[in-house]
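Chemist: no sequence on this one, just coordinates:
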C-alpha cells in the first residue's frame with residue numbers, strides 16, 4: 001500500500017517524470033468530493049428515475065453531479081432536450 005502524506009492533486013498536462021511528489025497524471029476509480037479527501041468510487045449501479053422520460057430521442061450526453069447528499073443525472077437527448085433526475 002502506498003501512503004501519500006500530502007496529495008499534490010491531479011496534474012493532467014504534465015509529464016509523469018516532471019510532476020511534484022504526491023501528484024498524479026491519471027486518476028482511476030478515485031474521486032475528490034471534499035477538499036483534501038479522496039474516496040473510492042462506487043461501482044456501477046442501476047439507475048431508476050421517478051418519472052418516465054417522454055422523449056423517444058436517444059441520449060446524446062449524460063453527466064452526474066452531487067448536490068448535498070443527492071446524486072443527480074443531467075442528460076441531453078439527441079433532439080436537444082435536457083432532462084435532470086435524482087438517482088434513487
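Modeler: Happy to help now that I have it. Just so we're clear, the structure is a prediction, and the values are computed from it rather than from any experiment.
Chemist: Surely residue 57 and residue 76 touch.
Modeler: No - counting by C-beta atoms under 8 Å, residue 76 is not a contact partner of residue 57; they are 9.5 Å apart. No exception for glycine: its C-beta is placed from N, CA and C like everyone else's.
Chemist: And those two? Which one has more around it.
Modeler: In this view residue 57 and residue 76 are compared by other C-beta atoms under 10 Å, and residue 76 has more residues nearby, 15 against 12.
Chemist: name the element that one belongs to?
Modeler: Per DSSP states H and E, residue 76 falls inside strand 70-77.
Chemist: which residues in this structure form strands?
Modeler: Secondary structure of the chain, counting by DSSP state E: strands at 9-10, 23-24, 30-34, 37-40, 59-67, 70-77, 82-86.
Chemist: Check which helices and strands the third one sits against.
Modeler: Think strand 30-34. If you count contacts as 3 or more C-beta pairs under 8 Å, 6 or more residues apart in numbering; DSSP states H and E, strand 30-34 packs onto strand 37-40.
Chemist: So which residues make contact with the strand it packs on?
Modeler: For strand 37-40, contacts defined as C-beta atoms under 8 Å, 6 or more residues apart in numbering pick out 7, 29, 30, 31, 32, 33.
Chemist: With distance to residue 45 and neighbour count as extra columns, can I get the residues you listed in JSON lines?
Modeler: Output for the contacts of strand 37-40, formatted as JSON lines (distance: C-beta to C-beta, whole Å; neighbours: other C-beta atoms under 10 Å):
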{"residue": "7", "distance to residue 45": "27", "neighbour count": "13"}
{"residue": "29", "distance to residue 45": "14", "neighbour count": "8"}
{"residue": "30", "distance to residue 45": "17", "neighbour count": "11"}
{"residue": "31", "distance to residue 45": "14", "neighbour count": "13"}
{"residue": "32", "distance to residue 45": "20", "neighbour count": "13"}
{"residue": "33", "distance to residue 45": "16", "neighbour count": "8"}
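Chemist: Perfect, I'm done here.
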